[in-house]
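1. pasting a predicted model and its sequence here:
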Amino acid sequence: AETHRRWVAPLAEDSWCVEMLSAGRQKPYSEPAKVALMELLDELLAPLPGPISLRSPEQVVAMLEDYDDPTGRGERGEPAALAPPRRLYL
């Protein structure tokens, strides 16, 4: 609990945004796609204090999508370009 408080303390007064990073695939996100993903993850992000600023945040919360798949196929056999990430890290 103490580690969590120290981690989010800078967000209490500073503006922040979520920056999407992809490992194993180039997957740029448009601003509307970022907003949609943040809304999807609202339960996880809602407890973060401070105002959200997509254009000029003072702090950045990084979300890493792990697409590392040595077979080049998704878990259900779909082409890698269509496969969802194997893991998400915040």
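-> Perfect, I can see it now.
2. let me see the contact set for the nearest residue to Val61 once chain neighbours are set aside.
-> Counting by CB to CB, 6 or more residues apart in numbering, the nearest residue to Val61 once its immediate chain neighbours are dropped is Val18, at 5.0 Å. To be clear about C-beta, it is placed using only N, CA and C from the backbone, and glycine gets the same treatment. Contacts of Val18 were listed using CB atoms under 8 Å, 6 or more residues apart in numbering, and they are Lys34, Leu37, Met38, Leu45, Val60, Val61, Ala62, Met63.
3. of those, buried ones?
-> By neighbour count, with 16 or more other CB atoms under 10 Å, those hold Lys34, Leu37, Met38, Leu45, Val61, Met63 as buried.
4. what ranges does this structure have for its strands?
-> 16-23, 59-66, 87-89 (DSSP state E).
5. from the chain's centroid, how far away is the second one?
-> When you say that, I think you mean strand 59-66. Relative to its parent chain, strand 59-66 has a centroid offset of 4 Å by CA atoms, centre = their mean, to the nearest Å.
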